[in-house]
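In: Structure, please.
(2 chains)
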2 protein chains.
Amino acid sequence: MDKNEEKQREEEREQVVSPWEVSSSGKIDYDKLIDKFGCQRLDQSLVDRVQRLTGRPPHVFLRRGVFFAHRDLNDILDAYEKGEKFYLYTGRGPSSEALHLGHLVPFMFTKYLQDAFKVPLVIQLTDDEKCMWKNLSVEESQRLARENAKDIIACGFDVTKTFIFSDFDYVGGAFYKNMVKVAKCVTYNKVVGIFGFTGEDHIGKVSFPPVQAVPSFPSSFPHLFSGKDHLRCLIPCAIDQDPYFRMTRDVAPRIGYHKPALIESSFFPALQGETGKMSASDPNSAIYVTDSAKAIKNKINKYAFSGGQESVELHRKLGANLEVDIPVKYLSFFLEDDAELEHIKKEYGAGGMLTGEVKQRLAKVLTELVERHQVARAAVTDEVTLLHAITETE
Amino acid sequence: MDKNEEKQREEEREQVVSPWEVSSSGKIDYDKLIDKFGCQRLDQSLVDRVQRLTGRPPHVFLRRGVFFAHRDLNDILDAYEKGEKFYLYTGRGPSSEALHLGHLVPFMFTKYLQDAFKVPLVIQLTDDEKCMWKNLSVEESQRLARENAKDIIACGFDVTKTFIFSDFDYVGGAFYKNMVKVAKCVTYNKVVGIFGFTGEDHIGKVSFPPVQAVPSFPSSFPHLFSGKDHLRCLIPCAIDQDPYFRMTRDVAPRIGYHKPALIESSFFPALQGETGKMSASDPNSAIYVTDSAKAIKNKINKYAFSGGQESVELHRKLGANLEVDIPVKYLSFFLEDDAELEHIKKEYGAGGMLTGEVKQRLAKVLTELVERHQVARAAVTDEVTLLHAITETE
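Out: This next block holds a predicted model:
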């Protein structure tokens, strides 16, 4: 390996983004990611267009750039403007018992999209994927999917327009047919190129990409979208899921379907700092929706990476480094009030506000959010099945 | 490539047996196959044991060595002797509209086993596989599966004990769960070793072996075998299917299941001679169950490879070479009467009988068989669904 190769490898090592790994030696360079993946930046004119078409203010995650990239969002909006409907598809790999806040991001944003555009939504719980990648038993994966579904339902989706399903419960019939159609169009070399599989990976992994691909096609849901094969699909997701949909979009026209459109988010950072996604396997890197007010307060105080200075004196003089400060970052996700956020950033950045004060405000915001969630979740009974039906699709 | 390599490759080319290809430069060497695959020869003592346990004469295909190899047949019989039941699993890849006689061999033998042991049977129609390997559309594969199912039902299975299903109709639920369990245990390198996939093969192929593996496990059929997870399975099949079940047997104990047992057949030869399987794509290599009496007669007269001599004089003097003679081979599959077969072989081999006479006898036997089949098939209505239920499993 010569020096140039070595340098290139090092750069690649610096930033790894795949459906199974997000790691970086520094901050994630999203511009670089957009270039690498070939998606598009979601610019202000698009945000404005969404606002105009829906007649409501853009979601916090939209106007603050949490959702920052897309594929064919313009086309979806073109169609919507002409009176065509579309449907939403999002999902979750149920790898942990309790969701953390990072997990809520796509669901909260998806709920906004559902409300704003009044469209149906399908939510795939890839219990089969987790069973394969995380070495969980089928039963445990399904149990996690059921538990996670309660959390997802608690996000307040319109149940008359939402279909939540686990792969293990639902895969089959029209769905499986589309899986096979997709699989036929994708060579092993191609998935190696896309997903980096090796010969020692098990074939369940090689088989899986079509499972995640086909909810993009309405014909996978005949009881929902019968006769609506040309209904378009929009996928809100974090950008690490892009490889799946790059593959899906490559295949779609070859099997007579629309390419799904995407709207892609950056990652909700870990308490320790912004070098990757929160990890469900490190409980101290994340706030869970099951955490108590006390736990939230403790975690924020103990682990949330601060951009404040080492001493009060220095802080008053230099102010906080907002670029690396996690409390501010979290507030920018969950504090609704733009004016208050601006005020905090200004004061904190100038040294007028201390880290402790910002953390206290964050604890309050997150505690309220988590407690609201816990109440909603308690109202979800065991009778609620994963296999919701969409009773209205118009 | 050096000379030794070249020689080895040539030997390998001489005899290729895989689920997708059977070819040989001469006769298939079954002993070599048994060695290569690692299965066991089905000897006379086993045939005798089957006769003793079932209280009926062994089937023609058994006593004449059409089914000649096995894996763990002894264990199945041990269990059966102790009063344990097992179930049968066989299948068909529906790649053609009409079945030919070679296709009937496993079904006829399976019917005998079902009757003799009074056991349930599942029949998998791998329409997904044919869709992937033969470049058929999903709809066409399913249509072929439905058409083939009628032919299979016409073989006279006990409908209270038989479940015929197409993968496209049925895969899902418990079945899919087992697929994933199997897939988790098999690496890509392993399937490359077993099936010879290349990087340019599509991932549907790589995904497929588990689909064919899991009917070996009773838990794949919860509506049939609920609470009977330790029910054993015996698989009658042609030996080219062995790689699938070698893989299945390797995996079974790792996921808590019995290894399926196998009983494996040689191939029903083409009219042109015994160098491979009959091919559905060459209509003149096979007799179809849709053929008329006239077509059967013509095909036999025109294409059936004869071991007779070039002239009547020479034939009377030397007799026929029974080793290569197809009419005699076919009669040994379908002529019930052992004594008559012996008589024909003796007379024909000694030159007392001419090829024309043997072919005439064969035409009569096959015409009767095909006409019986056509009557039975006509009685199968469109109302008969692929998704038969087993109403009795004991």
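In: Residues in contact with whichever helix in chain A runs longest: which ones?
Out: What stands out as the longest helix in chain A, according to DSSP state H, is helix A:355-378. With C-beta atoms under 8 Å, 6 or more residues apart in numbering or on different chains as the test, helix A:355-378 has contacts from A:101, A:104, A:150-151, A:153-156, A:287, A:289-291, A:293, A:296-297, A:300-301, A:304, A:306-308, A:315, A:320, A:325, A:327-328, A:330-331, A:334-335, A:344, A:348. The C-beta positions use only the backbone N, C-alpha and C, and glycine is treated the same way.
In: again with stretch A:176-188
Out: Contacts for stretch A:176-188 (C-beta under 8 Å, 6+ apart): A:171, A:197, A:206-207, A:209-211, A:213-214, A:217, A:219-220, A:247-248, A:250-251, A:254-255, B:128, B:131-132, B:138, B:167-168, B:171-172, B:176, B:188, B:197-204, B:206-207.
In: Give me the buried subset of those.
Out: Neighbour-count burial (16 or more other C-beta atoms under 10 Å in any protein chain shown) applied to the contacts of stretch A:176-188 gives A:171, A:197, A:206-207, A:209-211, A:213-214, A:217, A:219-220, A:247-248, A:250-251, B:128, B:131-132, B:138, B:167-168, B:171-172, B:176, B:188, B:197, B:201-204, B:206-207.
In: List the ones among those that fall in helices.
Out: Among the buried ones among the contacts of stretch A:176-188, the members found in helices (DSSP H) are A:206-207, A:209-211, A:213, A:247-248, A:250-251, B:128, B:131-132, B:138, B:167-168, B:176, B:188, B:203-204, B:206-207.
In: these two touch, right, residue A:221 and residue A:174?
Out: Yes - the criterion here is C-beta atoms under 8 Å, and residue A:221 meets it with residue A:174 at 7.2 Å.
In: what does chain A have sitting close to chain B?
Out: A:128, A:131-132, A:138, A:167-173, A:175-177, A:180-181, A:183-189, A:191-192, A:197-204, A:206-207, A:209-210 (C-beta under 8 Å from any C-beta of the partner chain).
In: If you drop the residues flanking it in sequence, what lies closest to the residue of the stretch 251-394 of chain A found nearest chain B?
Out: As assessed by C-beta to the nearest C-beta, chain B sits closest to residue A:255 within the stretch 251-394 of chain A, at 9.9 Å. Leaving aside its sequence neighbours, residue A:255 sits nearest to residue A:181 (C-beta to C-beta, 6 or more residues apart in numbering or on different chains; 4.8 Å).
In: where's that neighbour, which helix or strand?
Out: Assigned by DSSP states H and E, residue A:181 belongs to helix A:173-184.
In: Give the rounded mean pLDDT of that helix.
Out: Helix A:173-184 shows a mean pLDDT of 88.
In: what's the angle from that helix to helix B:173-184?
Out: 20 degrees (axes from the mean of the first three to the mean of the last three C-alpha atoms, to 10 degrees).
In: so how far is helix A:173-184 from its chain's centroid?
Out: 25 Å (C-alpha atoms, centre = their mean, to the nearest Å).
In: Return the alpha-carbon coordinates of that helix using PDB.
Out: Taking C-alpha atoms only, helix A:173-184 is exported to PDB below (Å, rounded to 0.1, in the frame of the first residue of the first chain):
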ATOM      1  CA  GLY A 173     -48.100 -12.700  -0.700                       C
ATOM      2  CA  ALA A 174     -47.800  -9.600  -2.800                       C
ATOM      3  CA  PHE A 175     -45.000  -8.400  -0.600                       C
ATOM      4  CA  TYR A 176     -42.800 -11.400  -1.200                       C
ATOM      5  CA  LYS A 177     -43.500 -11.300  -4.900                       C
ATOM      6  CA  ASN A 178     -42.100  -7.800  -5.000                       C
ATOM      7  CA  MET A 179     -39.100  -8.900  -3.000                       C
ATOM      8  CA  VAL A 180     -38.300 -11.500  -5.600                       C
ATOM      9  CA  LYS A 181     -38.800  -9.100  -8.400                       C
ATOM     10  CA  VAL A 182     -36.300  -6.700  -6.800                       C
ATOM     11  CA  ALA A 183     -33.900  -9.500  -6.000                       C
ATOM     12  CA  LYS A 184     -33.800 -10.600  -9.600                       C
END
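In: Report the buried residues of stretch A:175-185.
Out: Within stretch A:175-185, the residues that count as buried by 16+ other C-beta under 10 Å are A:175-185.
In: Widest-spaced pair of those residues?
Out: A:175 and A:185 (16.6 Å; C-beta to C-beta).
In: List the residues that contact the residue of the stretch 251-394 of chain A closest to chain B.
Out: A:178, A:181-182, A:185.
In: Give me the phi and psi for it.
Out: With angles defined as degrees, to the nearest 10, residue A:255 sits at phi -110, psi 20.
In: One more: the one 4 residues further on?
Out: Summarising the backbone geometry of residue A:259 under the convention degrees, to the nearest 10, its torsions are phi -70, psi 140.
In: give me the number of residues near residue A:318?
Out: Residue A:318: 14 surrounding residues under other C-beta atoms under 10 Å in any protein chain shown.
In: so how far is residue A:308 from it?
Out: 9 Å (C-beta to C-beta, to the nearest Å).
In: Same check on residue A:225?
Out: Distance, residue A:225 to residue A:308, using C-beta to C-beta: 52 Å.
In: again, but for residue A:51
Out: 35 Å.
In: Which one of those two is surrounded by more residues?
Out: When residue A:51 and residue A:308 are compared for neighbours, residue A:308 comes out ahead with 22 against 16, by other C-beta under 10 Å.
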